[in-house]
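# Structure, please.
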Amino acid sequence: MRVGYYINPQTPGPREDGRIIEEVIGQVDLAERLGFSDVWITEHAFTGYNAYSDPVVLASAIGQRTRAMRIGFSVAVAPYHHPIRFVTQCNLLDQLSGGRLIVGFGAGNSPDEFRGYGLDANDRHAMLNEWIAICLQAWGQNDASQGFAYGERFWKGEVRGRIIPAPVQQPHPHIAWGTSTDDTAVRVAQMGWSLLIGPRLPQVIIPRLRRYAQALEESGHDAETKARAWRDTGQLQQIYVAAPGEDWRATIGEAIEVYVRKSALANSGIDDLPKDDLQRRMAAHVGGWLIAGTVDEVLPQLVLRAKLGLGHLMCWFNFGHLSDHLVRRSMERFAADIAPVLAETAPDPDLVEELARQTPVAAPQR
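Model prediction:
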């Protein structure tokens, strides 16, 4: 298992936005020096759940600072992007980064975000399907100049010419799809794309991975396509690696509460959590979305995920207004004492079978 650096810092308010963005850029620089293989950029707006909002612009800045890390969206929310414009931007990003772009996308779910962009969240899956079709159509015209008509319901137009520039990766940058359903995981495999999974316990991940793996094997894709799909199939996980003897619950307790409150607002539109609900969500968060503790406490939980056969782990260190100092120290402990072990951990089919027989555990409520 290799490790990537995932970016989704919350922001306290407008006076802090610039500082947090500057810190994030510095953390990406550190991640590359520490040997992280990828940087993953998400997309959230309006609620304070994310400090930068626009994954495309941030990806462009990161692409000019880094030299080895691949740059992925996890995820760009498809309904917020005009598909022709998005393909154009991705092609340019792929050129600017020397072919390092991974286009991860999803349907989105935030009521406030859809409302803010003047969209109906009930249309998100229909929009996503049409958006995918248009993007693939546009990428299929890389070698043509006669133009094409596109769209049905949500976007409709005609390109006279071609999308400029063409991407480095042909016919398009590698694609990954973030989804929480097993049926969509099958569709992702049939397309030869990578699967992005949110923070879930192994008992929940295993059935989805098995359906994905079976569909990928039955897809008829060549060995190279299947290997690439598996290589970027991975899981997101919030992580805090504490110093030996540190009372990490005291250190990051406030950050956990901040994150849980802002997550509820961003993902469900709940802006005032009752005390009992807040406590329940915080308790479920630790050990579910968040794996925290000393190296000795964190390592076994992450090794367990490596044994599932996942290609990579998207590591989310910056959350809930944690200070830059705490984020960096956590990253450094992870890179020194955990990442090398994950890199050497092989899949364990016997363990997977044992976990598969256990009752799946529901994902913590966001």
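# for the record, mean pLDDT for stretch 118-134?
Across stretch 118-134, pLDDT averages out at 98.
# got the contact list for that stretch?
78-81, 83-84, 105-111, 114-115, 150-155 (CB atoms under 8 Å, 6 or more residues apart in numbering). In short, each C-beta sits where N, CA and C put it, glycine included.
# Of those residues, select the buried ones using a ChimeraX command.
Filtering these down to the buried ones (16 or more other CB atoms under 10 Å) takes a single ChimeraX command:
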select :78,79,80,81,83,84,105,106,107,108,110,114,150,151,154,155
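# taking the contacts of stretch 118-134 one by one, which sit in strands?
Residues of these located in strands (DSSP state E): 105-106, 150-151.
# I'd like to know which of the residues you listed is nearest to Ala255.
In terms of CB to CB, no member of these lies closer to Ala255 than Gly106, at 25.2 Å.
# Return the per-residue confidence for the closest one.
Predicted confidence (pLDDT) for Gly106: 97.
# Who is it paired with across the strands?
As for beta bridges, Gly106 partners with Val77 under DSSP bridges.
# right, and it touches Thr181 too?
No: if you go by CB atoms under 8 Å, Gly106 and Thr181 don't touch, sitting 11.1 Å apart.
# Tell me which stretches of this protein form helices.
Ranges of helices in the chain, per DSSP state H, are 14-34, 55-65, 83-96, 111-116, 124-139, 182-191, 202-217, 223-231, 248-268, 275-285, 295-306, 324-337, 339-344, 349-356.
# Reformat those as JSON lines; add distance to His44.
Formatted as JSON lines, those follow (distance: least, CB to CB, whole Å):
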{"stretch": "helix 14-34", "distance to His44": "13"}
{"stretch": "helix 55-65", "distance to His44": "10"}
{"stretch": "helix 83-96", "distance to His44": "17"}
{"stretch": "helix 111-116", "distance to His44": "7"}
{"stretch": "helix 124-139", "distance to His44": "15"}
{"stretch": "helix 182-191", "distance to His44": "21"}
{"stretch": "helix 202-217", "distance to His44": "23"}
{"stretch": "helix 223-231", "distance to His44": "26"}
{"stretch": "helix 248-268", "distance to His44": "6"}
{"stretch": "helix 275-285", "distance to His44": "17"}
{"stretch": "helix 295-306", "distance to His44": "24"}
{"stretch": "helix 324-337", "distance to His44": "18"}
{"stretch": "helix 339-344", "distance to His44": "27"}
{"stretch": "helix 349-356", "distance to His44": "31"}
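# out of these, which comes closest to Val241?
Closest among the helices of the chain, once you apply CB to CB, is helix 324-337, at 4.1 Å.
# buried stuff in the closest one?
Buried, per 16+ other CB under 10 Å, within helix 324-337: 324, 326-331, 333-335.
# by contact count, what packs against the top strand by length along the chain?
In the chain, ranked by residue count with DSSP E as the criterion, the top strand is strand 234-241. If you count contacts as 3 or more CB pairs under 8 Å, 6 or more residues apart in numbering; DSSP states H and E, strand 234-241 packs onto strand 194-197, helix 248-268, strand 290-293, helix 295-306, strand 312-316, helix 324-337.
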